[in-house]
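Visitor: coords please:
(2 chains)
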There are 2 protein chains.
Amino acid sequence: MANFILKTNEFEPILLNRAEGSWIWDIDGNKYLDCESGMWCVNLGHNHPKVVHAIKTQLDKLIHRNKGFLTPITLEAAEQLLKFFPNNYDKLTFLNSGTEAMEFGINFAKKVTKRNKVLSLQDSYLGAYGIAKTSSFTSLEESKFKIPYPVCNSEVCDCLENYQANIDDIFRKYSSDLACFVLEPVMVSGGVFKPCKDFVQYICKKIQDSGGLVVIDEVTTGMGRTGCKFGYELHEITPDVVVLGKALGNGYPVSAIITNSSFEAKLSSSELYYAQSHQLDPLGAAIVKSVLEVFHEEKIIEKSREKNQKLKDILYGLNHSFIKEIRSYGMIFGIQILPKNQMSCEELILKLKNKLLDAGILIGFNLSKEFIRLLPPLNIQINELEFLKEEITKVFNSI
Amino acid sequence: MANFILKTNEFEPILLNRAEGSWIWDIDGNKYLDCESGMWCVNLGHNHPKVVHAIKTQLDKLIHRNKGFLTPITLEAAEQLLKFFPNNYDKLTFLNSGTEAMEFGINFAKKVTKRNKVLSLQDSYLGAYGIAKTSSFTSLEESKFKIPYPVCNSEVCDCLENYQANIDDIFRKYSSDLACFVLEPVMVSGGVFKPCKDFVQYICKKIQDSGGLVVIDEVTTGMGRTGCKFGYELHEITPDVVVLGKALGNGYPVSAIITNSSFEAKLSSSELYYAQSHQLDPLGAAIVKSVLEVFHEEKIIEKSREKNQKLKDILYGLNHSFIKEIRSYGMIFGIQILPKNQMSCEELILKLKNKLLDAGILIGFNLSKEFIRLLPPLNIQINELEFLKEEITKVFNSI
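Guide: This next block holds a predicted model:
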């Protein structure tokens, strides 16, 4: 299988060909509870009927057009998306992928500030290529601008004390070079870590006071994934630029960068110029609009909280010596694995993944960071969580 | 209008909301012959019924899935796309945008060759960001690796003589650093220039002999745009990596990089690793498959040649002092404009564009490069070309 496909990652010996809600089927009719939501994209479940209907309706009207023209649905989607935010933003553009939007956001910050350096946290994953990648843990480039951070959920803590000197040092040396602080509110690829709020607020204040921008990567954490609309709400900060992707299109490739006209006003038209084949395309906009409508009409985020809690109870209820730690924020779950007897972490993770797949549960994993991961659709059903509980308990007990 | 939309370019005061074939309608019911094919994407015309049908069918099955899994439609699309090539390739991956695929292609060449420099031609446009952008004319970065080139359509010429010394000099100094030569077979954004075939063949031979790769940007020139399936056929060369975008999805954001297993085999799994939310997604694959089917069933390329010729006759028939030169390759047309009396090139181009728009014809233009551009759908109808002839003649005569 996959003979013609470049092996950009390992492929399971299973071909998928149908999906609905939290479930995905292979060509032999076996079904799997998709606890990865595709690539963390279908927060509303696969093939949500209202979203599919919106796509079909738009397909009969207008898919694509030249960059010199806007469309009514693009303007409607933009307005609805800005209204969806808990604080005020008044400018955006729609792009294709999260990485592209991060590249745009970082370059935007560089041009607004006329500065060149990007500050990020050590475990951030910000994109597949470009500056977004070099600012991520997946780039092996050494950098003093990918800094260590404390993980903490407390309202009152002394985390900052241990890290303040490092931050102060960086700002003393480089504040006039720092275009932006780029933050993933919860580092999901990096291990499901939420940096300490005090620490985050301290950096944000430092950078904004020094004329730099706070650019937030909400590609994974946005659209209700953390239990809030956006992950930055967990940190009680006010970003200057917000980047969305993944769940914004619920399976369709559309992303966005959101900011304010006050920053746009600092740029010349040639600095602002950007052209991409599908930027602001009406098909993507129709999907964004329908996704936002489903969030409202089905109270997706409000209703997800009960399920977050139930899944938390299920996973924290697993009691095994090979579980080092469980970390969770909203509908993001990471289970840190320890080696067991003769089995390395890697062997154990692959064994868990395979046994769960056999049991009809699709999970995520990261071998180098030694954890497994669950990010199911936000509207996963209670009975589906009960199925998950039963099967995951059996599989974990069988190890 | 466009209050909430970042002004990444100028927007016309017209909202579009419907399209079919070569035509696009605004919200007041005015229709325009789309001589830009959207953003040069809808080579099959807007909302091609077979493509729309294929999307709708796939929407009812599977839109998106986790990167660890392939789908039957992805494998079928891959096989069909490889078969569509006039020469043998056996590996590909599907991505979202042309720029992303160029970034992938260039990075692939860098990893295969363990080299870092990219050679391109001065007027190339290879992408909106990243290395693709810095290798393009749109990046103002000075570089000795964006080289001048001769424009020529002759079968026998002495172009190479004037440029050989420069090429030889670059290869003498840098051949062990050159990862790839990245070529746009016809530079469309850059002014509709086709570099001399002898010159191109000479560089390709030099780079391949020295262990570097030839990476071809077919984002605009591919899928029949030049009158061949791929623009590189005009140069009679054998690329190592081919990048497709735009018309591959006929309006939907899907791109591809195509290469050979012999290059893949030189990379470790970590060097090959790449993960993007919508890479290899079944919805994009279904569209690619249906686009290829339409190319075959409707003999799009074969039938386009008569229309290329007719449009060529129309445009070359325009006889005005403000036309400096007309350049065309297949269904790509550029009209280089001269200032007229008190009117600067910029004023004249905007006047032509506006008058044509009023007459129901949507064209492209580049103010800094002082030309207007037509890249209509390949299956534009003869009566539509007659309408174009009538209106463009009137508008040009009115100047």
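Visitor: For the closest residue to A:His235 other than its chain neighbours, give its distance to B:Ile147.
Guide: By the measure of CB to CB, 6 or more residues apart in numbering or on different chains, the closest residue to A:His235 outside its immediate chain neighbours is A:Val200, 4.6 Å from it. Every C-beta, even on glycine, is put in place using the N, C-alpha and C of the backbone. When CB to CB, to the nearest Å is the yardstick, A:Val200 and B:Ile147 sit 47 Å from each other.
Visitor: These two - which one has more neighbours?
Guide: Relative neighbour count places A:Val200 above the other of A:Val200 and B:Ile147, with 25 against 19, counting by other CB atoms under 10 Å in any protein chain shown.
Visitor: Following the chain onward from the least confident helix or strand in chain A by mean pLDDT, which element is next?
Guide: Taking mean pLDDT, DSSP states H and E as the measure, the helix or strand of chain A with the lowest value is helix A:130-134, at a mean of 85. Using DSSP states H and E, the helix or strand that follows helix A:130-134 in sequence is strand A:146-147.
Visitor: A:Cys345 versus A:Lys324, what's the distance?
Guide: For A:Lys324, the distance to A:Cys345 (CB to CB) stands at 9 Å.
Visitor: A:Ala275 too?
Guide: Noted for A:Ala275: a distance of 46 Å to A:Cys345, by CB to CB.
Visitor: Neighbour count for these two, which is higher?
Guide: Just comparing A:Ala275 and A:Cys345: by other CB under 10 Å the higher neighbour count belongs to A:Cys345, 19 against 15.
Visitor: got the buried residues for stretch A:56-74?
Guide: By neighbour count with 16 or more other CB atoms under 10 Å in any protein chain shown, stretch A:56-74 contains the buried residues A:58-59, A:61-74.
Visitor: ignore the last one, stretch A:335-349
Guide: Of the residues in stretch A:335-349, those with enough neighbours to count as buried (16+ other CB under 10 Å) are A:335-337, A:340, A:343, A:345, A:348-349.
Visitor: Give me the subset of those residues that lies in helices.
Guide: When DSSP state H defines the helices, the subset of the buried residues of stretch A:335-349 inside them is A:345, A:348-349.
Visitor: According to the record, where do the domains of chain A fall?
Guide: Following automatic domain parsing, one gets these domains for chain A: A:16-34+A:299-398, A:50-297.
Visitor: Pick the most deeply packed of the ones you listed.
Guide: Looking across the domains of chain A with neighbours counted as mean count of other CB atoms under 10 Å in any protein chain shown, the highest average goes to domain A:50-297: a mean of 21.
Visitor: got the end-to-end distance for that one?
Guide: Terminal residues of domain A:50-297 lie 11 Å apart, using CA to CA, to the nearest Å.
Visitor: what does stretch A:364-373 give?
Guide: Where stretch A:364-373 starts and where it finishes are 5 Å apart, if you go by CA to CA.
Visitor: Quick one: distance of that stretch to the chain centre.
Guide: The chain centre lies 16 Å from the centre of stretch A:364-373; the measure is CA atoms, centre = their mean, to the nearest Å.
Visitor: Is chain B within reach of it?
Guide: Yes - part of stretch A:364-373 sits near chain B under the criterion CB under 8 Å from any CB of the partner chain, namely A:Gly364.
Visitor: contact partners of that stretch?
Guide: Contacts made with stretch A:364-373 from outside it, assessed by CB atoms under 8 Å, 6 or more residues apart in numbering or on different chains, are listed as A:35-36, A:188-192, A:332-337, A:345-346, A:349-350, A:352-353, A:363, A:374-375, B:66.
Visitor: which residues does A:Gln279 contact?
Guide: Residues touching A:Gln279, when contacts are defined by CB under 8 Å, 6+ apart, comprise A:67, A:93-96, B:8.
Visitor: ok, so of those residues, who is nearest B:Leu81?
Guide: Distance ranking of the contacts of A:Gln279 against B:Leu81, using CB to CB, places A:Asn96 first at 19.8 Å.
Visitor: if I pick the residue sitting nearest the centre point of chain A, what's in contact with it?
Guide: Closest to where the C-alpha atoms of chain A average out (CA atoms, centre = their mean) is A:Thr220, at 0.8 Å. Contacts for A:Thr220 (CB under 8 Å, 6+ apart) come out as A:40, A:98, A:184, A:186, A:188-189, A:246, A:332, A:375.
Visitor: quick one on the thing from earlier: among the contacts of stretch A:364-373, which lie within strands?
Guide: With DSSP state E as the criterion, strands contain A:332-337, A:374 from among the contacts of stretch A:364-373.
Visitor: Tell me which two of those sit farthest apart.
Guide: The two members of those with the most space between them (CB to CB) are A:Ile332 and A:Ile337, at 16.8 Å.
Visitor: ok, residues contacting stretch A:102-119?
Guide: A:93, A:95, A:126-127, A:129-132, A:135, A:145, A:147, A:170, A:174, A:176-182, A:203, A:207, A:211-213, A:215, A:217, A:219, A:240-241, A:243, A:257, A:259, A:263, A:266-267, A:271, A:274, B:129-130.
Visitor: Strands of the stretch 1-150 of chain A, start to end?
Guide: Under the criterion DSSP state E, counting those that start in this stretch, the stretch 1-150 of chain A carries strands at the ranges A:16-20, A:23-26, A:31-34, A:91-95, A:117-121, A:146-147.
Visitor: For the last one, name the packing helices and strands.
Guide: What it means is strand A:146-147. With contacts defined as 3 or more CB pairs under 8 Å, 6 or more residues apart in numbering or on different chains; DSSP states H and E, the secondary structure elements packing on strand A:146-147 are strand A:117-121, helix A:159-174.
Visitor: Could you pull up the mean pLDDT of whichever helix or strand comes after the longest one?
Guide: What it means is helix A:159-174. Tracing the chain past helix A:159-174, the next element assigned as helix or strand by DSSP H and E is strand A:178-183. Strand A:178-183 shows a mean pLDDT of 97 in the predicted model.
Visitor: Output strand A:178-183 as CSV, nothing but the C-alphas.
Guide: Once non-C-alpha atoms are left out, strand A:178-183 reads as follows in CSV (Å, rounded to 0.1, in the frame of the first residue of the first chain):
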residue,chain,number,x,y,z
LEU,A,178,12.0,41.5,19.4
ALA,A,179,9.2,41.7,16.9
CYS,A,180,6.9,39.4,18.8
PHE,A,181,6.3,36.8,21.5
VAL,A,182,4.6,33.8,19.8
LEU,A,183,2.6,31.7,22.2
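Visitor: Do any residues in that strand lie close to chain B?
Guide: No - in terms of CB under 8 Å from any CB, no part of strand A:178-183 sits within range of chain B; the closest distance is 15.6 Å.
Visitor: Now do that strand against helix A:159-174: the angle between them, please.
Guide: On the basis of axes from the mean of the first three to the mean of the last three CA atoms, to 10 degrees, strand A:178-183 is oriented at 150 degrees to helix A:159-174.
Visitor: So which residues on the stretch 201-350 of chain A come close to chain B?
Guide: Within the stretch 201-350 of chain A, the positions adjacent to chain B are A:245-246, A:251-253, A:257, A:259, A:264, A:269, A:272-284 by CB under 8 Å from any CB.
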